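J.: okay, sequence plus prediction incoming.
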Amino acid sequence: MDSLVSAILVVSVVVHGLLLIYVQMRGRDVHAGRGLLILSILLSLVVSLIVLLPREIGLTDASGRGFALSLAIIVFLIPFGVVVMTDLQRTPSGSLVRGWLVLGVAWLLAAATTGISGQPMAVGQPGWLVGALAAPDTASLVFLGGGVIASLILLFSAFYSFYATLLPEVANRALFWVLDIAVVLMGIVLTISGSQGLVLLGLLSLQAGITGMTYGQTTFRVFDIRNGLNRALRTLFLAAITGLLIYGALYIESRLELGNSAEGAVVLAGLALGVALLYVPVRQLVEGILNRLIADSVTDVAQATRKYSQQVSQGVELDQLIQASSDTLSTVMRARRSGLILVNEEGANGSVDLTVMPRAGFADMQGKKVTVPKTSPIYQQLATYHAPLSQFDLEFSPKYRAISEAERQFFRELQMSAYAPVVVENTLIGILACGPKANDAPFYPRDLELLATMATQTGVALRNARLLADLRHLNHNISSLNKEMEEANQQLEKLDAVKTDFVTIASHELRTPLAQLRGYTDIVDALNEQGMLDQDQVAGMVANLRKATERMEELIAAMLDVSQLDVNAMDLRFTQTTPETVIRMAIEPLNDAIKQRKLSLSARGLRGLPMIEADMQRLVQAFRNIVVNAIKFTPDGGRIEITAVTNPAETPGGKDHILVAITDTGVGIDKNNLELIFQKFYRAYDPGLHSTGTYKFMGAGPGLGLTIAKGVIEGHGGKIWAESSGHSTETFPGTTFYVLLPVTPPETARRVMSFEGQPSETVSSEPTLAHSRTS
């Protein structure tokens, strides 16, 4: 036994030494950190040395050796647990590791205190474990109780990671740690058992666990435990079937008692042949059952690629291609879902945009995208090496530790398992993504190769589909531009017609008073030559001349007002007044025209309105223009009503407003023209209906009155709009003009708004030489 102990001691030292050398060589690949892993290996070596060193060299006292062994085991489990938990956490938060450290330190202090102050604890000595369980003391309870709690925490963490993860490779890694934790814990239990044979077996188990920990920490893709168990189970079943057949043949031979005769040899040969003939179909049957139950059937690559190519080639539209490729890929790869990611060049900054197509497996990921630099390992793997990539590689491979958090989070949220580049003419145009398999099996190298082959077949179809989509988008844009151009041309034609009509109307407006001026001057000249002038004739002709000049002055003044609106040159001077005063001053000069047209005009709600700040003359002009417009387009005998109310401020600190409504029973306005009526020179009706009479029905004018009214009201910080159910010269639906004026105009309203709607600058309230008023 001493020679066996010495051999195990040498093996332990050699194994730990080799592990330390290996960790030094693979330092950068260690997940939890090289220092932590080296510490765990050294502490494992200390545990082995405490147990294996002869008493003459090590601790001579049994209780002292047991106490040292208990502390060494606790100190070893602390960094071992940190290594395991760090590896199990995909996104380390630190809280679990900190909790483990606190628990471990508390356990160590409690064990040290009870071991020193209480009864000596002979851990690992013959009969100690049985005695501790039968009649436990405080020190034993602390040591064993802490060990049970630590074991449960480690196993629970590993099992939780196994069940919570979405990636089969991560689940396999968690299962690996479950097995490694079990091996380490079993080694510790056997080491403290007290039986020399079990102690040596426990040390070997502990060394195996430490070797597994080192392997798991330096290898990001551990061996497939599920596949290994499947193979072992397959081998076990086949061996059992083979043994049963051989046993059956031997049993028959023994029952027949054939002996060494020739006849017996023939019967044995027949039995052997029968067993051989029976073995082949039985094995095929068993393998078929096992393949269905516990193993993955291998995909026929040729058939899969042929089927995929046929389906993808039928997709002409981009949506059809995405759906066809996703459905076929999910079927061939036996995946829960799949999808397509488009790659677009970002520009000259050396990066690309990865845009998820919100269809198939990405139906709920509308507009999800990320910008990936071309220096990223992800782009290099897909675009430069044209190689597939697994999500597990992104999570655990040292090659992808440098990728940005945005890239890592983007691929995590996709919840896919593997990606393959879609490359055409050495350019990455897309990424084929495949989700987890339906049986939760990992993606093996053969699966990634098949996915890469399908991605290659997708390239030409995807390029053509994207070109078609771009062409359709271009055609749509061209159609939209053509429509906008047609609308612009129609607008220009309307404006051109408006200006032509204005020239016609203006010339008509000017020709009549000019003809009157010339006619009366000729008459005066002729009568003067004949000496026939008298005072009454002179007075009548002067009155007619005055009317003609006033008509010309009104037209020219209106044109000047509009020109001032265009260049933001109409200054407004604000004084305190009442809405009632403004409106009455606006309608008083129109009384004769109202009586002549037999119209009824009423004003209600004007009294009691609050004082307002306004440019009296300009605001009177604006309201007069609105009322004149109502007079012109209301038939004889119609009604015009003016009402006003106060609109309180909608928000604290806001301003009260005065809302004035001017309603008529006239011909109304077409809904398409409710905005156009405020444009310069615009007339909603045929200019051929124009009449030189200022207030004649449907007579209209040069089309400037409402434009001026709008500019003046907006200059006060107000708003004007019209409402009408339509235009009809038979039913007379009428029109209502609304004017909304603030009680106090804002500072930005000290100058009227330009016709195009651009805000003007605040001007001084000081009088200027350029200031003029035209009624």
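T.: Received, thanks. Numbers count the residues shown, from 1 in each chain.
J.: please look at G430 and G339 and confirm they touch.
T.: No - between G430 and G339 there is no contact under C-beta atoms under 8 Å: 10.5 Å. Quick note: C-beta positions are derived from backbone N, CA and C, even for glycine.
J.: between the two, tell me which one has more neighbours.
T.: Of the pair G430 and G339, G430 is the one with more neighbours under other C-beta atoms under 10 Å, namely 29 against 25.
J.: spatially nearest residue to the more buried one (excluding sequence neighbours)?
T.: Nearest-residue entry for G430: V422, 3.7 Å, with adjacent residues in sequence omitted and distances by C-beta to C-beta, 6 or more residues apart in numbering.
J.: same deal with G638?
T.: T665 is the one closest to G638 (C-beta to C-beta, 6+ apart), at 4.4 Å.
J.: give me the sheet partners of the strand or helix carrying the residue nearest to G430 and which way each runs.
T.: Per DSSP states H and E: V422 is located in strand 418-424. If you go by DSSP bridges, strand 418-424 pairs up with strand 389-390 (antiparallel), strand 427-434 (antiparallel).
J.: would you list those strands in JSON lines and tack on distance to I658 and mean pLDDT?
T.: Converted to JSON lines, the strands paired with strand 418-424 look like this (distance: least, C-beta to C-beta, whole Å; pLDDT from 0 to 100):
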{"stretch": "strand 389-390", "distance to I658": "69", "mean pLDDT": "92"}
{"stretch": "strand 427-434", "distance to I658": "63", "mean pLDDT": "89"}
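J.: of all these, which one is nearest P442?
T.: strand 389-390 (8.3 Å; C-beta to C-beta).
J.: okay, now the unreliable bits of the stretch 401-550 of the chain?
T.: Applying pLDDT under 70 to the stretch 401-550 of the chain picks out residues 494-495, 497-512, 533.
J.: same thing but 80
T.: Residues of the stretch 401-550 of the chain meeting the criterion pLDDT under 80: 459, 461, 463-470, 491-550.
J.: and the helices in it?
T.: 405-414, 445-530, 535-566 (DSSP state H, counting those that start in this stretch).
J.: can you put the ones you listed in JSON lines and add mean neighbour count and distance to Q24?
T.: Formatted as JSON lines, the helices of the stretch 401-550 of the chain follow (neighbours: other C-beta atoms under 10 Å; distance: least, C-beta to C-beta, whole Å):
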{"stretch": "helix 405-414", "mean neighbour count": "16", "distance to Q24": "29"}
{"stretch": "helix 445-530", "mean neighbour count": "14", "distance to Q24": "30"}
{"stretch": "helix 535-566", "mean neighbour count": "15", "distance to Q24": "84"}
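J.: so which of those gets nearest Y251?
T.: Smallest distance to Y251 across those (C-beta to C-beta): 43.0 Å, for helix 445-530.
J.: okay, the angle between that closest one and strand 418-424?
T.: Interaxial angle of helix 445-530 relative to strand 418-424 (axes from the mean of the first three to the mean of the last three C-alpha atoms, to 10 degrees): 60 degrees.
J.: which strands and helices sit next to helix 445-530?
T.: Contacts defined by 3 or more C-beta pairs under 8 Å, 6 or more residues apart in numbering; DSSP states H and E place helix 445-530 against helix 301-313, helix 318-333, strand 338-345, strand 418-424, strand 427-434, helix 535-566.
J.: turn these into JSON lines, including distance to Y520.
T.: Below are the helices and strands packed on helix 445-530 laid out as JSON lines (distance: least, C-beta to C-beta, whole Å):
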{"stretch": "helix 301-313", "distance to Y520": "91"}
{"stretch": "helix 318-333", "distance to Y520": "79"}
{"stretch": "strand 338-345", "distance to Y520": "79"}
{"stretch": "strand 418-424", "distance to Y520": "87"}
{"stretch": "strand 427-434", "distance to Y520": "85"}
{"stretch": "helix 535-566", "distance to Y520": "5"}
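J.: show me what contacts G81?
T.: With contact set as C-beta atoms under 8 Å, 6 or more residues apart in numbering, G81 has these partners: W100, G104, A150, I153, L154.
J.: compare those residues and tell me which is most surrounded.
T.: The most neighbours of any of these, using other C-beta under 10 Å, belong to L154, which has 24 neighbours.
J.: right, and that residue touches V84 too?
T.: Yes - using C-beta under 8 Å, L154 and V84 qualify as a contacting pair, with a distance of 6.1 Å.
J.: find residues that contact each of the two.
T.: I181.
J.: now the residue nearest to L256 when sequence neighbours are not counted: how far from Y279?
T.: Take L256 and drop its neighbours on the chain: the residue closest to it by C-beta to C-beta, 6+ apart is V267, 6.6 Å away. From V267 across to Y279, the span is 18 Å (C-beta to C-beta, to the nearest Å).
J.: returning to what we had before: mind putting the contacts of G81 into a markdown table with pLDDT?
T.: Formatted as a markdown table, the contacts of G81 follow (pLDDT from 0 to 100):
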| residue | pLDDT |
| --- | --- |
| W100 | 92 |
| G104 | 93 |
| A150 | 94 |
| I153 | 93 |
| L154 | 93 |
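J.: how about those, which pair is most distant?
T.: Largest separation among the contacts of G81 by C-beta to C-beta: G104 and L154, giving 11.1 Å.
J.: so the residue nearest to L256 makes contact with R255?
T.: No - when contacts are counted by C-beta under 8 Å, V267 is not listed as touching R255 (11.4 Å).
J.: so for the two, which residue has more residues nearby?
T.: V267 (15 against 8).
J.: what helix or strand is I658 located in?
T.: With DSSP H and E as criterion, I658 is part of strand 657-664.
J.: ok so, going back, who's in contact with the strand holding V422?
T.: Applying C-beta under 8 Å, 6+ apart, the contact partners of strand 418-424 are 340-341, 343, 382-383, 386-391, 411, 428-434, 443, 447-448, 451-452, 454-456, 458-460, 462-463.
J.: ok, 6 Å please
T.: Applying C-beta atoms under 6 Å, 6 or more residues apart in numbering, the contact partners of strand 418-424 are 382, 386, 388-390, 428-434, 443, 448, 451-452, 455, 458-459, 462-463.
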